[in-house]
Structure formats: structure tokens, C-alpha cells
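Trainee: model the structure of this input:
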Amino acid sequence: MPETVVEYTQRLLSYSEGSDPLTILGSTPDKLASLVRDRTSAQLMSAPAPGKWSITQILAHLADAELAIAWRHLGAASPGGGVRTQGQCSRRQCPLQQGAPG
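Mentor: Below you'll find the model as predicted:
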């Protein structure tokens, strides 16, 4: 039986239980770099099984998520701002997209 949303959330939260979240965030780049440092390009780009993500895809996803979170925080900190979802403003209005083509 697949885990429930509650079980999934509890499992994820257990990974950092008892640790300071800011310490974890601060150490994450070095931790990730140490995990991939000695890998070949082929290892980084190879998916472990069909339908599974490669290391490169996972790292790209983490980078995208970080940008999305930063964008939301910038929006919330802007005058008249609030937490916005991606579809709530045009590309030219979004804080991280200003000046971007398109």
C-alpha cells in the first residue's frame, strides 16, 4: 500500500528532526557538491531505472525549486505583495523575470 500524504510528510520531516533548519540550508550546497564531486558525467546523467530521475535532473529540480521559493518570498516582501503562485502574474511583472525576454 502506498504511503498517505500524512505518512509522506512525517517521513520528510523526520530527516531533519532535531536539527536547525537554517543550518541544514546553509550546509546543503557543500553536501551536494561532495556527493557529486567524484562522479563522471555519464553517472550524473544516467537514470537508475526507466521513469527515475538522473542525478542531474534531481539537482536541476532542486535549483528550480529554490528559484520558485525565492520568487515567492520576493513577491511577499514587495509593497502590496503577498505570496503568489506562478500563474498569478505575467512574466514581466514577476520579480525574478523583470527584464527577461518574452
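Trainee: give me the pLDDT value at the nearest residue to residue 46 once chain neighbours are set aside.
Mentor: Leaving aside its chain neighbours, residue 46 sits nearest to residue 54 (5.8 Å; criterion: Cβ to Cβ, 6 or more residues apart in numbering). Heads up, the C-betas are built off the backbone N, CA and C, glycines and all. On the pLDDT scale, residue 54 is placed at 96.
Trainee: go on, residue 46?
Mentor: At residue 46, pLDDT is 97.
Trainee: around it, how many other residues sit close by?
Mentor: 13 (other Cβ atoms under 10 Å).
Trainee: re earlier: ok, the residue nearest to residue 46 - contacts?
Mentor: 44-48 (Cβ atoms under 8 Å, 6 or more residues apart in numbering).
Trainee: now do 10 Å
Mentor: By Cβ atoms under 10 Å, 6 or more residues apart in numbering, the contact set of residue 54 is 42-48, 60.
Trainee: nearest to residue 34, of the residues you listed?
Mentor: residue 44 (14.0 Å; Cβ to Cβ).
Trainee: which helix or strand contains the closest one?
Mentor: According to DSSP states H and E, residue 44 maps onto helix 41-45.
Trainee: again with residue 22
Mentor: With DSSP H and E as criterion, residue 22 is part of helix 21-36.
Trainee: what packs against that helix?
Mentor: helix 55-77 (3 or more Cβ pairs under 10 Å, 6 or more residues apart in numbering; DSSP states H and E).
Trainee: which sections of this structure are below the confidence cut-off?
Mentor: Along the chain, segments meeting pLDDT under 70 span 77, 80-102.
Trainee: list the buried residues of the helix holding residue 22.
Mentor: When burial is assessed from 16 or more other Cβ atoms under 10 Å, helix 21-36 yields no buried residues.
Trainee: if we look at it, which residues are touching it?
Mentor: 15-16, 19-20, 43-44, 55-56, 58-59, 62, 66.
Trainee: and the furthest pair within those residues?
Mentor: Farthest pair in the contacts of helix 21-36, by Cβ to Cβ: 20 and 43, 32.0 Å.
Trainee: which of those two has more neighbours?
Mentor: residue 43 (12 against 9).
Trainee: please report the distance of that one from residue 56.
Mentor: 10 Å (Cβ to Cβ, to the nearest Å).
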